[in-house]
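[1] Dropping the sequence and predicted coords here.
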Amino acid sequence: MNRPRYADDDTQPWYRQFWPWFLIALPAAVVVVSMHLIYTAYNHADDLVVDEYYKVGLAINQQLGRQERARALGISANLMLTPGQVTVHTPEGAVSDATLELVLSHPIESDRDFSVSLQRVGPGVYNAALPAPVAERWHWILRDGAEGTWRLDGIVEASDLLQQGAQDTL
C-alpha cells in the first residue's frame, strides 16, 4: 500500500537539517572552551607557590640576619614613587654606599618583578628611573649593593605613591 505524499514531508538528507547540527554544536563548543581554559591555565598560572620551598626556607635565616644587621646599624628607608622614578630617603650617616639595590616584586605575577640600582644624589638620598609602573601593595626589598650585609623589606603603601605633578620635598 502506498502512502500518500504530503507537502511537509522531509525530503532533505540529515546533514541539511538544523537539529543534528545544533546537537553537534553543543559538545563541540564545550570542547573549544575547555581547550581555551587549559591554554589560559597553563600560560597564565599564578606564581604563588614556590617550586624550591626547602631552599627558600633555608634562606629565610640569612634574610633575618640581614634585617637584624640593618636594625643594629639604625638603617631605615622611606620610598617615594613617582611615574618613572623612585627616590629613597635614609637617615644621614646610616648608609654610606654609593649605590643601593631596590627589588620591587608584584604580589601575584613574578614575571612583573624587577630590580633597579639606586645612585646616591645627596646625603641619605638615592634615586633611579623605574622601568615599569608600580602600584600600591607591591613588595620591596632594599639592600646594600656590593656586600649584601643588610636588608630592608616593606610594602608599597598609598603614601609612597606620588601623583604626577606632585612635588617631592626633601
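    Arrived safely. Keep in mind the model is a prediction, meaning the values are calculated, not measured.

[2] Tell me the pLDDT of residue 56.
    Per-residue pLDDT puts residue 56 at 67.

[3] go on, residue 118?
    pLDDT for residue 118: 88.

[4] Wasn't it part of a strand?
    Yes. Using DSSP: H, G, I helix; E, B strand; the rest coil, the assignment for residue 118 is a strand.

[5] That one touches residue 124, doesn't it?
    No. Checked against C-beta atoms under 8 Å, the pair residue 118 and residue 124 is beyond contact range at 11.8 Å. Backbone N, C-alpha and C define where each C-beta goes, glycine included.

[6] So between these two, which is more surrounded?
    residue 118 (23 against 18; other C-beta atoms under 10 Å).

[7] Not counting sequence-adjacent ones, nearest residue to residue 150?
    In space, and not counting its chain neighbours, residue 150 is closest to residue 70: 3.9 Å by C-beta to C-beta, 6 or more residues apart in numbering.

[8] pLDDT score for that neighbour?
    We have a pLDDT of 81 for residue 70.

[9] now residue 33
    Residue-level pLDDT assigned to residue 33 equals 97.

[10] what about the strands in this structure?
    78-82, 85-89, 99-105, 114-122, 125-129, 139-144, 151-155 (DSSP state E).

[11] Sheet partners, orientation included, of the last one?
    By that I understand strand 151-155. Applying DSSP bridges, strand 151-155 is found paired with strand 139-144 (antiparallel).

[12] Can you list the neighbours in contact with the partner strand?
    Contacting residues not belonging to strand 139-144 are listed as 66, 77, 79, 88, 95, 97, 100-105, 107, 150-156 [C-beta atoms under 8 Å, 6 or more residues apart in numbering].

[13] which helices and strands does the lengthiest helix in the chain pack with?
    Ordering each helix of the chain by length in residues (DSSP state H) puts helix 18-43 first. Of the remaining helices and strands, none touches helix 18-43 by 3 or more C-beta pairs under 8 Å, 6 or more residues apart in numbering; DSSP states H and E.

[14] Pull out the buried positions in that helix.
    By neighbour count on 16 or more other C-beta atoms under 10 Å, the buried set for helix 18-43 is empty.
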